[in-house]
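Trainee: Provided below are the primary sequence and the corresponding predicted coordinates.
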Amino acid sequence: MESLPKDTTVEKRKKFIGDTCKLHFSNAPLKITRAEGQYMYDEQGTQYLDCINNVAHVGHSHPDVVDAAVKQMRLLNTNSRFLHDNLVQYAERITNTLPKKLSICFMVNSG
């Protein structure tokens, strides 16, 4: 995929992405092009400590997480509205770590 100049990315975002999807630092948005570990990098290569996303768990691009995602996507990459063993087995593993009152999972992603 081609790399666009930052001002073009801003223009296209305004045109194609809904207003409800807010940018952080909207007056001077960061154009993040990659991330590794706890850091994100902009188009100039400037390093930023990521204190916003959920990287405290394992960081960006963690090889174990990438390998697990690739393995699953090679098998099946769909939503949870179809039956699949991995979905129910994962939900069972999660709920086994929680109090009985928290025994139902809703599989969603963050926004």
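Mentor: Perfect, thanks for sending it.
Trainee: regarding the residue lying closest to residue 29 once chain neighbours are set aside, what is its secondary structure?
Mentor: Leaving aside its chain neighbours, residue 29 sits nearest to residue 23 (4.7 Å; criterion: Cβ to Cβ, 6 or more residues apart in numbering). For every residue, glycine as well, the C-beta is placed using N, CA and C. Assigned by DSSP: H, G, I helix; E, B strand; the rest coil, the conformation of residue 23 is coil.
Trainee: count the neighbours of residue 23 for me.
Mentor: Here the number of neighbours of residue 23 (other Cβ atoms under 10 Å) works out to 13.
Trainee: what distance do you get for it to residue 51?
Mentor: Going from residue 23 to residue 51 by Cβ to Cβ, to the nearest Å gives 16 Å.
Trainee: state the distance from residue 3 to residue 9.
Mentor: 9 Å.
Trainee: tell me the confidence at the residue located most distally from the centre of the chain?
Mentor: Largest separation from the mean C-alpha position in the chain: residue 100, at 28.9 Å (Cα atoms, centre = their mean). In this model, residue 100 is scored at 91, pLDDT.
Trainee: hmm, who's touching the top helix by length along the chain?
Mentor: Criterion DSSP state H: the longest helix present in the chain is helix 63-75. With contact meaning Cβ atoms under 8 Å, 6 or more residues apart in numbering, helix 63-75 is reached by 58, 86.
Trainee: burial of residue 40, as a residue count?
Mentor: For residue 40, using other Cβ under 10 Å, the count is 20.
Trainee: I'd assumed residue 46 was in contact with it.
Mentor: No. At 9.3 Å, residue 40 does not count as touching residue 46 under the criterion of Cβ atoms under 8 Å.
Trainee: residue 3 and residue 9: which has the busier surroundings?
Mentor: residue 9 (14 against 10).
Trainee: hmm, back to that, now the longest helix of the chain - C-alpha only, CSV.
Mentor: Extracted C-alpha coordinates of helix 63-75, given in CSV (Å, rounded to 0.1, in the frame of the first residue of the first chain):
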residue,chain,number,x,y,z
PRO,A,63,5.9,-12.2,18.3
ASP,A,64,3.8,-14.6,20.4
VAL,A,65,0.6,-12.5,19.7
VAL,A,66,1.5,-12.1,16.0
ASP,A,67,2.1,-15.8,15.7
ALA,A,68,-1.2,-16.7,17.4
ALA,A,69,-3.1,-14.2,15.2
VAL,A,70,-1.6,-15.6,12.0
LYS,A,71,-2.3,-19.1,13.1
GLN,A,72,-5.9,-18.3,13.7
MET,A,73,-6.4,-16.2,10.5
ARG,A,74,-5.0,-19.1,8.5
LEU,A,75,-7.6,-21.3,10.0
